[in-house]
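Chemist: here is my input; please provide its structure:
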Amino acid sequence: MKNKKIIYYENWRRGFSLVEALASFFVLGIILSLASTSFLNLAPKYKLISAVREINSRLNYARYKSIFEGVKVRIKFDQHSYAIEIYDEEQNEWKRERQYFLRGVTLKANNSPTFHPAGTVSNLASIYISNSWGKHKITLAISGRIKIVKL
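Modeler: Numbers count the residues shown, from 1 in each chain. Okay, here's the model as predicted:
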């Protein structure tokens, strides 16, 4: 009888039973599914913040490009994209430099700001960026100052 108890305890020390392993995987699966849904809910927040930073950066880019190259630079906004255009004085028309698309956000602007070589801006603009997480407003002053406000 003593030998059977020793064998039983030696087998018990070798590892987990199938039921114990399945139960632990089941609990781990529930915890991971709860964590993944909470991370998925944060995606719109980071898309909105990324879009605000990108537009702020492109507005500064357009301003400095206008100052350093001595040309007029304009940014045109659509619902899900915006484009940077440079004014060609020889042909008397705007030429598109590049268009950028933003996923997961909606853009709304009252004007297309035009940056002049003196560093000023005409067509003052208010740009609204929104999605399911929230809304931001970017305002552009005549001096070229950019202000971001969370609404």
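
Chemist: ok, and what's touching the host helix or strand of L22?
Modeler: Assigned by DSSP states H and E, L22 belongs to helix 18-40. Contact with helix 18-40 is made by F16, as judged by C-beta atoms under 8 Å, 6 or more residues apart in numbering. In short, each C-beta sits where N, CA and C put it, glycine included.

Chemist: average pLDDT for it?
Modeler: For helix 18-40, the per-residue pLDDT values average out at 84.

Chemist: from here on, call the first residue 19.
Modeler: With the count now opening at 19, the last piece we talked about shows up as helix 36-58.

Chemist: what packs against the helix or strand following it?
Modeler: The first helix or strand that comes after helix 36-58 along the chain, using DSSP H and E, is helix 61-87. Where contact means 3 or more C-beta pairs under 8 Å, 6 or more residues apart in numbering; DSSP states H and E, helix 61-87 is packed against strand 91-95, strand 99-106, strand 132-133, strand 143-148, strand 153-158, strand 164-168.

Chemist: so how far is helix 61-87 from its chain's centroid?
Modeler: 11 Å (C-alpha atoms, centre = their mean, to the nearest Å).

Chemist: and that helix with strand 164-168, angle?
Modeler: Relative orientation of helix 61-87 versus strand 164-168 (axes from the mean of the first three to the mean of the last three C-alpha atoms, to 10 degrees): 170 degrees.

Chemist: sort out which residues of helix 61-87 are buried, please.
Modeler: By 16 or more other C-beta atoms under 10 Å, the buried positions in helix 61-87 come out as 65-67, 69-70, 73-74, 76-77, 80-81, 83-85.

Chemist: report the buried residues of stretch 141-157.
Modeler: Residues of stretch 141-157 classed as buried: A143, I145, I147, S148, N149, W151, H154, K155, I156 (neighbour count, 16+ other C-beta under 10 Å).
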